[in-house]
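Please work out how this folds:
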Amino acid sequence: MKVISYNLRKHRAAGELAHLIERHAADVLCLQEADTSDLPEEIEGLRLADATQRNRLGLAVYYRENTYRALDVRALALKKSLHDRVLKPAEERLLGVRLHDIDDGRELIVASFHAAPLTALNSLRRHQIRTALDELRTLGDGVPALMVGDYNYPVFKEHLGQKVREQGYELNLSDSRTYTRYRFFRGHYDFATSVGFEIDRVRTLPQGLSDHLPILVTARLPLVSGGSVEAPRAEAS
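Sure, this is the predicted structure:
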């Protein structure tokens, strides 16, 4: 499965999506900072599963219609930063979709995530990430899950990775930085967090009109008997 995650920078890069899907044969597309009122129902064979409704700039998930069938969708508002309370750019920062693989009958969860901006503390973003990962289990406990998006976490990523592993997930960075607009803030911002998947590669794609570079996650479900992969429980604090 090939998943593209892209922060569109206030929808400016929306015109690049068809080319990205076609060029990289994407199966799933996860968007952040999209004008959800201006999103088409289909892009290059990918069907819109859903988009957030309460955001000025929101999230969206597309999936390949001849490969998957959408079973359930969940949007979630996470703990707000001061930036959120004053400017109200985003009410819902997680959009998860449970998919059924038409060919092999297995189910999986993909999610688009957008953490609070850098004006917030890392501790608040960790809270948002932890809550988002817990919420994905309500879409299907034991179902393989992949959450991609803009984590806004350019420093102290090792600490974040440790916290994510305590919840039973793995954090994967791309092969090169994903944000280059300001010299001081350049770095890895866009991650993939997963459980029950084998992540072959996370690749940063060429820069477009956004200040974020899109990432391409190549993931696969391990060959197991019985269908589902049990997600490890979070360790007690």
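
and the residue nearest in space to the middle of the chain, backbone torsions?
Geometric centre of the chain, nearest residue: Val148, 2.3 Å, by Cα atoms, centre = their mean. Here the main-chain torsion angles of Val148 (degrees, to the nearest 10) amount to phi -120, psi 160.

Check the gap between it and Thr119 for me.
Val148 is 23 Å from Thr119, where distance means Cβ to Cβ, to the nearest Å. The C-beta positions use only the backbone N, C-alpha and C, and glycine is treated the same way.

can you give me the strands in this structure?
2-7, 28-34, 42-43, 46-51, 58-64, 68-76, 94-101, 107-114, 145-150, 170-172, 190-195, 198-204, 215-220 (DSSP state E).

Nearest to Arg137 among these would be which one?
Minimum separation from Arg137 across the strands of the chain (Cβ to Cβ) falls at strand 145-150, 7.7 Å.

give the contact list for the closest residue to Arg69 other than its chain neighbours.
Closest residue to Arg69 apart from its sequence neighbours, by Cβ to Cβ, 6 or more residues apart in numbering: His100 at 4.5 Å. Going by Cβ atoms under 8 Å, 6 or more residues apart in numbering, His100 touches Tyr68, Arg69, Ala70, Leu71, Arg106, Glu107.

switch the cut-off to 10 Å
Thr67, Tyr68, Arg69, Ala70, Leu71, Asp72, Arg106, Glu107, Leu108 (Cβ atoms under 10 Å, 6 or more residues apart in numbering).

for Leu209, same thing?
By Cβ under 10 Å, 6+ apart, the contact set of Leu209 is Leu8, Arg9, His11, Arg12, Ala13, Ala14, Gly15, Glu16.

are any of those buried, and which?
Restricting the contacts of Leu209 to buried positions leaves Leu8, Arg9, His11, Ala13, Ala14, Glu16, with burial counted as 16 or more other Cβ atoms under 10 Å.

from those residues, which is closest to Val195?
Using Cβ to Cβ, the buried ones among the contacts of Leu209 come closest to Val195 at Leu8, 26.9 Å.

What is the longest helix anywhere in the chain packed up against?
Taking DSSP state H as the criterion, the chain has its longest helix at helix 122-139. Contact partners of helix 122-139 among helices and strands, from 3 or more Cβ pairs under 10 Å, 6 or more residues apart in numbering; DSSP states H and E: strand 68-76, strand 94-101, strand 107-114, strand 145-150, helix 157-166, strand 190-195.

Now for this structure, the helix or strand with the poorest mean pLDDT.
helix 82-87 (a mean of 50; mean pLDDT, DSSP states H and E).
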